[in-house]
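J.: Sequence plus predicted model, see below.
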Amino acid sequence: MPESDIPTSGSGIEIAPGICVPPAALQFSFARSSGPGGQNVNKLETKAQLRVSLRVIENRIGAPATARLLALAGPSHFSTDGDLLITSEETRSQRMNKDACLKRLRSLLVSAIRVPRTRRATRPTRSSRERRLKQKSCRATTKRSRSSPRDDD
C-alpha cells in the first residue's frame with residue numbers, strides 16, 4: 001500500500017483492528033527476488049521484508065497475545081534482536097509485496113489477539129461406546145473366520 005493507503009490515526013499506523021503503532025516501528029527493506037522473472041529479477045529489488053519490534057507490539061496487545069503470536073509465527077520469523085520478520089517475494093511489484101507483508105502481519109495479529117476457547121472434557125455417550133464395542137467384536141469375528149482351521153493331531 002502506498003503510505004497514503006495505510007490506515008493511520010492520531011497515534012500512528014493501524015496494523016490490525018484497534019492496534020496502532022508509530023510509523024518508525026515498521027521498517028521495510030527491499031532486496032532482489034529469487035526465482036524466475038527474466039531481467040526484472042536481475043535489475044529490480046522487489047522482495048520486501050518487514051521488520052516490526054516485538055516490544056512495540058507487546059505494549060499494544062499484551063503478554064498472552066504476544067505468546068500466541070510467537071507460537072503462530074514460529075521461531076524462524078524472529079530475529080535475535082526480538083523483531084518479527086515477514087518477507088514477501090511472490091509478485092514482481094515492490095508495492096504489492098509490501099502490501100502482502102502488511103496483510104500477513106495483520107492476519108497474524110488478528111489470530112494472536114483472538115483468545116482460544118478452552119476445551120471442556122466430555123465423555124463418550126453410552127450408545128457410542130456400545131457401537132464401538134459391537135464394531136470391535138464384528139471385526140474380531142471377521143478376522144477369526146479368515147484364519148485356517150487348526151489341526152490338532
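T.: It's in.

J.: dump the residue contacts of R106.
T.: Contacts were defined as CB atoms under 8 Å, 6 or more residues apart in numbering; by that measure R106 touches I15, A16. Where you see a C-beta, it was placed from the backbone N, CA and C, and this is true even at glycine.

J.: Mind pulling up the pLDDT for it?
T.: We note a pLDDT of 87 for R106 in this prediction.

J.: quick one: it and L72, what's the gap?
T.: Here R106 is placed at a distance of 13 Å from L72 (CB to CB, to the nearest Å).

J.: if I pick L105, what's in contact with it?
T.: Counted by CB under 8 Å, 6+ apart, L105 has contacts I15, A16, L50, V52, L84, I86.

J.: that's a strand at the last one, yeah?
T.: Yes: the assignment for I86 is a strand, going by DSSP: H, G, I helix; E, B strand; the rest coil.

J.: helix or strand for the residue nearest the centre of the chain, which one?
T.: Closest to where the C-alpha atoms of the chain average out (CA atoms, centre = their mean) is L72, at 4.8 Å. For L72, the enclosing helix or strand under DSSP states H and E is helix 63-73.

J.: follow-up on the earlier one: got the contacts of L105 as JSON lines, with distance to D99 and pLDDT columns?
T.: Output for the contacts of L105, formatted as JSON lines (distance: CB to CB, whole Å; pLDDT from 0 to 100):
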{"residue": "I15", "distance to D99": "13", "pLDDT": "78"}
{"residue": "A16", "distance to D99": "15", "pLDDT": "79"}
{"residue": "L50", "distance to D99": "11", "pLDDT": "88"}
{"residue": "V52", "distance to D99": "15", "pLDDT": "86"}
{"residue": "L84", "distance to D99": "17", "pLDDT": "85"}
{"residue": "I86", "distance to D99": "12", "pLDDT": "88"}
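
J.: got CSV for these, with distance to K134 and neighbour count too?
T.: Shown next, in CSV, are the contacts of L105 (distance: CB to CB, whole Å; neighbours: other CB atoms under 10 Å):
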residue, distance to K134, neighbour count
I15, 55, 23
A16, 51, 19
L50, 57, 22
V52, 56, 20
L84, 53, 20
I86, 52, 18
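
J.: Run through the helices of the chain in chain order.
T.: With helices called from DSSP state H, the chain shows them at 39-43, 54-61, 63-73, 94-113, 126-146.
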